[in-house]
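1. need coordinates for the below:
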Amino acid sequence: MRPTLSWTRTGEPAARTTDLGEVVETVRRGGVVVLSGAGLSTESGIPDYRGADGSLRRHSPMTYQEFVAAAEGRRRYWARSHLGWAAVARARPNAGHHAVAALQAAGYVSGVITQNVDGLHQAAGAADVVELHGSLGRVVCLDCGRPDSRAALDRRLRAANPAFHAETTRINPDGDVDLPEQAVRRFRLVDCPDCGSDVVKPSVVFFGESVPRAVVDDCYRRVDEAEAVLVLGSSLTVMSGLRFVRRAARAGTPVLIVNRGETRGDPHARARVDLPLGPALTELAERLGCAVPEPAPAP
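-> Take a look at the predicted model:
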């Protein structure tokens, strides 16, 4: 086991910097597990929860308890998500996603754990991605367990609500938009094709819901086998991501953070780089000899 390093004992975070030097040299040794958060997808047009303009400052996301308790909660979620899904489906990987995929293809990154539900890592070509909080691209019936694609559900929702439209604000990180209540009341839910239940949920972990134990254990294994953990665009405010940083630090595994602003994992970090993710990761990849393709424009 690696010795526990001094910064995990003192709790003193490394000084914040715009110099990628230590990140470059650590990643150069390979065996890096990436832990990504919503900040990595902001350059693709999907806002984060807790940044300077984060949606939690003005938007309360749906909780699991509210969703399962009554049809009114499900109607509110699906009305808002029906309009927001179009923006998520149009989103394209940005330079940061492409840089991570390039680093993985070159052998520097061994795997990716993402807190994001947008599928953009995979769209950029990354493999072996653990979706810690699930994916907006899939849905499941909570009564009979029938899985389905979000695209198939979207077709059925559009057929049931052919004239549904409303003035919307920008998309929220969980793939929905803010809507007035009168617009929500006009929206029609659709039932599961197999059992007729209307308790059809996106395959994501809602607030108030737990990440499946098997997923957590898989992530612990990856962190235990890693030579370093590289945190990208996550404030690590919630324990679902922070626990992996703490585990790495306890084992003496270097933790590197690239994020705009402070994070809850800062006391455990060997390096804290405060730069925009796209340019920073492109520079990191290029300094390691990895070509990063130009991101495709959104349709």
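2. which stretches of this protein form strands?
-> Taking DSSP state E to define them, one finds strands in the chain at 16-17, 32-36, 109-114, 129-131, 134-141, 147-149, 200-204, 228-232, 255-258, 271-273.
3. now the most centrally placed residue in the chain: phi and psi?
-> Nearest to the mean C-alpha position of the chain, by Cα atoms, centre = their mean, lies residue 116 at 1.2 Å. Taking degrees, to the nearest 10, you get phi -80, psi 150 for the backbone angles of residue 116.
4. now do the contacts for it.
-> Residues in contact with residue 116 (Cβ atoms under 8 Å, 6 or more residues apart in numbering) are 36-38, 40-41, 131, 133. The way it works is simple: take the backbone N, C-alpha and C, and place the C-beta from them, glycine included.
5. for those residues, which one is nearest residue 72?
-> The closest of these to residue 72 turns out to be residue 133 (Cβ to Cβ; 24.4 Å).
6. for the closest one, give me the pLDDT.
-> The model reports residue 133 with a pLDDT of 95.
7. what's the answer for residue 85, then?
-> Confidence at residue 85, expressed as pLDDT, is 86.
8. thought it was touching residue 155?
-> No. Between residue 85 and residue 155 there is no contact under Cβ atoms under 8 Å: 11.4 Å.
9. which of the two has more residues huddled nearby?
-> For the pair residue 85 and residue 155, the greater number of neighbours falls to residue 85 (23 against 12), based on other Cβ atoms under 10 Å.
10. could I get the contacts of residue 116 as TSV with distance to residue 212?
-> TSV is the format used below for these (distance: Cβ to Cβ, whole Å):
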residue	distance to residue 212
36	19
37	19
38	20
40	23
41	22
131	11
133	10
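11. put the buried members of those residues into a ChimeraX selection.
-> With 16 or more other Cβ atoms under 10 Å as the criterion, this ChimeraX line picks the buried residues out of those:
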select :36,37,38,40,41,131,133
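12. so where's the chain uncertain?
-> 1-13, 49-60, 166-176, 298-299 (pLDDT under 70).
13. just give me the longest helix of it.
-> helix 71-90 (DSSP state H).
14. how about that one: buried residues?
-> By 16+ other Cβ under 10 Å, the buried positions in helix 71-90 come out as 73-85, 87-89.
15. spit out the contact partners of residue 40.
-> Listed by Cβ under 8 Å, 6+ apart, the contact set of residue 40 reads 94, 96-97, 114, 116, 120, 232-233, 277.
16. now, which of the residues you listed sits nearest residue 177?
-> residue 116 (17.9 Å).
17. residue 121 against residue 97, yeah?
-> Yes. At 5.7 Å, residue 121 counts as touching residue 97 under the criterion of Cβ under 8 Å.
18. looking at the two, which is more packed in?
-> When residue 121 is set against residue 97 and neighbours are counted by other Cβ under 10 Å, the residue ahead is residue 97, at 32 against 28.
19. how far away is that one from residue 285?
-> 11 Å (Cβ to Cβ, to the nearest Å).
20. still on that earlier bit, tell me the spacing between the residue nearest to the centre of the chain and residue 164.
-> On the measure of Cβ to Cβ, residue 116 and residue 164 end up 27 Å apart.
21. report the angle between the axes of the longest helix of the chain and strand 134-141?
-> What separates the directions of helix 71-90 and strand 134-141 is an angle of 130 degrees, with axes from the mean of the first three to the mean of the last three Cα atoms, to 10 degrees.
22. so what secondary structure elements neighbour helix 71-90?
-> helix 64-69, helix 150-160, helix 181-185 (3 or more Cβ pairs under 8 Å, 6 or more residues apart in numbering; DSSP states H and E).
23. circling back: and which of the contacts of residue 116 is nearest to residue 204?
-> residue 133 (5.7 Å).
24. quick check, the closest one in contact with residue 117.
-> Yes. Here residue 133 reaches residue 117: they are 5.4 Å apart, a contact under Cβ under 8 Å.
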